[in-house]
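Enquirer: structure, please.
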Amino acid sequence: MTAGSSDDPAEAAEADDGSPFRDRAPLPTAEALAILTTARIDPLGRMPYSSNGTFLVDLWVGEDCPAQAIYKPEAGEQPLWDFPPKLWKREVGAFELSNQLGWGHVPPTIERDGPLGIGSLQLFVPAEFEEHYFTMLDDESRHEAFREICAFDFVANNTDRKSGHVLLGIDDEIHAIDNGLSFHSEFKLRTVIWDFAGEFLPQHVRDGLERLLDEGVVKSLADRLDTFENDALLTRTRALLRSGVYPDDPTGRRWPWPMV
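Expert: Okay, the predicted model is just below:
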């Protein structure tokens, strides 16, 4: 599939600079979820540097294209020795967890049967792609978001939080993408976000974690995980609250590769 592959001239339209990526105004979560759920999916092409099949798609509602999305079909996944198949379920689960915690950094993501079969469909975030976690770290105005993502990744057991998986949207918000390698029952945390190790958890982060324990894991997320993964998620949440501080990595080994 290549960009502009549709026979419909309206669908083949690209940005003025020839890029397949479209600018758009920010979308409320409810509106984004409605578009993801009902829009017609028009694949534009495969995203570069991804080991699994990852596709940029236009989302069409009638004659309008109000958004784009990243489509990760199950059929495009490469088998892993240390993770079960259907990583797309974990992409959807990451959004559901982020939404439940109330921090909202994972773009709206749903389960959808698309052109290549069942998979995840995540709202594409127009972003300043030259920016990533390392380039933004000196800007203290971003640290609240980074602290939230740090806690989220610990609870979700994210095994692959690269610097480039932290985006600065053109809406000036911080977004956390590529969350498929998460929720394993064995502790496998690998992340570049260690700069807050030993700091006390902010109260609003504690509030989100306590809400998760009080409410329990939302059913839509719980149904995507097995019993051991569900229990481990809640165990990590309790452990983080009891410690009261951001975790450290005394081994120096819990980093992804590559880091960006």
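
Enquirer: residues contacting Asp254?
Expert: Wrong residue type there; residue 254 is Arg, not Asp. Leu189, Arg190, Thr191, Trp194 (Cβ atoms under 8 Å, 6 or more residues apart in numbering). Where you see a C-beta, it was placed from the backbone N, CA and C, and this is true even at glycine.

Enquirer: 7 Å - rerun?
Expert: Arg254 is in contact with Leu189, Arg190, Thr191, counting by Cβ atoms under 7 Å, 6 or more residues apart in numbering.

Enquirer: mind telling me what element it is part of?
Expert: If you go by DSSP states H and E, Arg254 is not part of any helix or strand.

Enquirer: so where do the strands sit in the stretch 151-260 of the chain?
Expert: Counting by DSSP state E, counting those that start in this stretch, the segments of the stretch 151-260 of the chain that form strands are 166-168, 174-176.

Enquirer: contact partners for the residue nearest to Asp231 when sequence neighbours are not counted?
Expert: Nearest residue to Asp231 in three dimensions, chain neighbours excluded: Ser185, at 7.5 Å (Cβ to Cβ, 6 or more residues apart in numbering). Contacts for Ser185 (Cβ under 7 Å, 6+ apart) come out as Phe228, Glu229, Ala232.

Enquirer: the longest strand in the protein is where?
Expert: strand 64-73 (DSSP state E).

Enquirer: alpha carbons only: can I get the helix or strand just after that strand in PDB?
Expert: Using DSSP H and E, the helix or strand that follows strand 64-73 in sequence is helix 87-101. The C-alpha coordinates for helix 87-101 follow below in PDB (Å, rounded to 0.1, in the frame of the first residue of the first chain):
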ATOM      1  CA  LEU A  87      -0.200  -7.300  21.100                       C
ATOM      2  CA  TRP A  88      -2.900  -5.000  19.600                       C
ATOM      3  CA  LYS A  89      -5.100  -5.800  22.600                       C
ATOM      4  CA  ARG A  90      -2.400  -4.300  24.900                       C
ATOM      5  CA  GLU A  91      -2.400  -1.100  22.800                       C
ATOM      6  CA  VAL A  92      -6.200  -0.800  23.400                       C
ATOM      7  CA  GLY A  93      -5.700  -1.800  27.100                       C
ATOM      8  CA  ALA A  94      -3.100   1.000  27.500                       C
ATOM      9  CA  PHE A  95      -5.600   3.600  26.400                       C
ATOM     10  CA  GLU A  96      -8.200   2.200  28.700                       C
ATOM     11  CA  LEU A  97      -5.800   2.200  31.700                       C
ATOM     12  CA  SER A  98      -4.600   5.800  30.900                       C
ATOM     13  CA  ASN A  99      -8.200   6.900  30.600                       C
ATOM     14  CA  GLN A 100      -9.100   5.300  34.000                       C
ATOM     15  CA  LEU A 101      -6.200   6.800  35.700                       C
END
